[in-house]
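S.K.: when you get a sec, could you give me coordinates for this:
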Amino acid sequence: MNNNITIIPARRQNGNNISVGIKPNLRVAAYCRVSTDSEEQASSYETQVNHYTDYIKRNTEWEFAGIYADDGVSGTNTKKREEFNRLIEDCMVGKIDMIITKSISRFARNTVDCLNYIRQLKEKNIPVYFEKENIKTTDSQGEVLLTIMASLAQQESESLSKNVKMGIQFRYQQGQVQVNHNRFMGYTKDEDGNLVVEPSEAKIIKRIYYEYLQGASLKQIAEGLMADDILTGAGKPTWRAEGVRKILRNEKYIGDALLQKTYTVDVLTKKRVANNGIVPQYYVEGCHEAIIPRDLYMQVQEEMARRSNLHSGKDKKKRVYSSKYALSSMVYCSKCGEIYRRVAWNNRGKGAIVWRCVNRVENGPQCCDAPTIKEEDLQNAVVQAINMIMDSKEDVVRLLEKNIAIVLAQEDEQSLESVNAKLLELQKELLKCANAKMDYNDIADEIDCQRELKQRVMADNAEREGYKKRINEMKTFLAMEITSIDKYDETMVRRMVEKITAYEDRLIVEFKSGANVEVEK
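M.R.: Reported below is the predicted structural model:
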């Protein structure tokens, strides 16, 4: 028995329209994009828009569905292309039947993105026509050709990225510093593009540095700035501790610049990560006007290291620095070496504010039986110590002058100038090896050693300068006609006192100038 077979041919479909009865006109949209904001590219952008508007309207079988155009946006990914994303959304909801664009590289330089979007559109029977390559995605060979062309477009993008990186690295090697000053507090740019100090913002930067050295915590500094209605570098009212930390760590405030702190790991996603020695870095000294003196900056770095290394507890893992009170992280136990903590104490129904050894508080008297000190007694002892210094001004001044002489005699054998000269010599050797394509790992290691040595020398110099400054401040204070103070002053304690050691029957108060005073309980 012969079967009757009727062949029903496939019906050509374009877009979301289904041919039933009278065939409607195709709703055609165009996508245009240029990747920079230059005048030349702006002209190209306008030309594309005008061309496709006229091109679509001339075809009597097409209905103009609009122009979707991204101006000044990169094509390596689609996250920031608002018009492109709107185009895809309109296709998905049935507003568009066909898309026209200049070329694959205008549509996408990322092969994966390009193919994914085209397949989504093909599921909706929406072809994309690439004018330059003369490819229509619904043709039989369209996707094969498209894959090849999209891969070439991606290679073009990667090549361009590599050329840009080489240009940037060349500028870095020449010491040419480029900084985005829009969110960078303290600086603006002159007409030649050079960093220049912005006086009103520079005052805020100096305030942050000086408050930190006076004992304020990152959080306290942030809260103080907000209380005074001072905006961040980004123009926002909220300051955070981490933002203050970044300002204190930023070498640009001493006129230097560390270049290539981060690098791009993926040209398509443009993901950047911290540069931990994977690609070269360049440290440029004196490339613009400083806001913070170099020795003050180094003192801040030393103080940050000191605070981060203040630990307590059995395993010394608990961070204990606090600047809520002047005496926080300043009073130490003579028996176990732990700090004293301010505690609200209830002893037999009577409340009191006392200072107690952290070891005793956390582990009991079997670990440390250090005495508890009432806050009032501790403060009175500090006042007494300051007055004792003031009663023997002449002796203290002689001691201070002696200490200054000792500090001056402790100059490093290794001068900063000699380290810089050695670094310059090593840099020349490095360039020779790199140009000759020779192994330069040993030289690179030596440069790292010299840079660490330089940091130590600078830190030691800053510590001496800070010590001399504190001694001179003490001399200035003693030269005042004040004979005594009658009440405890937090600000004065922060400025003058370095450390207090608690014994059973006495306290030893060490001043930042180097003078020590013993006070009986």
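S.K.: can you pull out the helices in the stretch 351-500 of the chain?
M.R.: 358-363, 375-391, 393-408, 416-435, 441-479, 490-496 (DSSP state H, counting those that start in this stretch).
S.K.: a markdown table for those, including distance to residue 193, mean neighbour count and mean pLDDT?
M.R.: In short, each C-beta sits where N, CA and C put it, glycine included. What follows is the helices of the stretch 351-500 of the chain, written out as a markdown table (distance: least, CB to CB, whole Å; neighbours: other CB atoms under 10 Å; pLDDT from 0 to 100):
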| stretch | distance to residue 193 | mean neighbour count | mean pLDDT |
| --- | --- | --- | --- |
| helix 358-363 | 53 | 19 | 86 |
| helix 375-391 | 52 | 18 | 89 |
| helix 393-408 | 43 | 14 | 71 |
| helix 416-435 | 26 | 14 | 75 |
| helix 441-479 | 29 | 16 | 74 |
| helix 490-496 | 42 | 16 | 80 |
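S.K.: now for the ones you listed, which one comes closest to residue 84?
M.R.: When the helices of the stretch 351-500 of the chain are compared by CB to CB, helix 416-435 sits nearest residue 84, at 42.0 Å.
S.K.: just checking, what packs against the closest one?
M.R.: When contacts are defined as 3 or more CB pairs under 8 Å, 6 or more residues apart in numbering; DSSP states H and E, helix 416-435 sits against helix 441-479.
S.K.: and the direction of the helix it packs on versus that of helix 375-391, what angle?
M.R.: For helix 441-479 against helix 375-391, the angle by axes from the mean of the first three to the mean of the last three CA atoms, to 10 degrees is 80 degrees.
S.K.: angle of helix 441-479 against helix 416-435?
M.R.: Using the same axes, to 10 degrees: helix 441-479 against helix 416-435 is 160 degrees.
S.K.: on that earlier part again, can I get the helices of the stretch 351-500 of the chain in a markdown table including distance to residue 225?
M.R.: Output for these, formatted as a markdown table (distance: least, CB to CB, whole Å):
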| stretch | distance to residue 225 |
| --- | --- |
| helix 358-363 | 31 |
| helix 375-391 | 29 |
| helix 393-408 | 34 |
| helix 416-435 | 34 |
| helix 441-479 | 24 |
| helix 490-496 | 19 |
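S.K.: wait, which of the ones you listed is closest to residue 349?
M.R.: helix 375-391 (18.8 Å).
S.K.: what's the burial count for residue 134?
M.R.: Neighbour count of residue 134, defined by other CB atoms under 10 Å: 9.
S.K.: quick check: it vs residue 100, distance?
M.R.: As judged by CB to CB, to the nearest Å, residue 134 and residue 100 stand 12 Å apart.
S.K.: now residue 352
M.R.: To residue 100, residue 352 is 83 Å away according to CB to CB.
S.K.: ok, residue 31 next?
M.R.: 8 Å.
S.K.: domains of the chain?
M.R.: Per automatic domain parsing, the structural domains of the chain span 26-160, 181-307, 322-412+447-520.
S.K.: mean pLDDT lowest where, among these?
M.R.: For the domains of the chain, mean pLDDT drops lowest on domain 26-160, to a mean of 76.
S.K.: can you give me the helices for the stretch 1-150 of the chain?
M.R.: 39-58, 82-92, 104-107, 111-123, 142-173.
S.K.: mind listing the helices for the stretch 151-300 of the chain?
M.R.: Under DSSP H, counting those that start in this stretch, the stretch 151-300 of the chain gives helices at 199-213, 218-227, 241-249, 294-308.
S.K.: if we can go back for a sec, for residue 240, which of the helices of the stretch 351-500 of the chain is the nearest?
M.R.: Evaluated over the helices of the stretch 351-500 of the chain, closeness to residue 240 peaks at helix 490-496, with 23.5 Å, by CB to CB.
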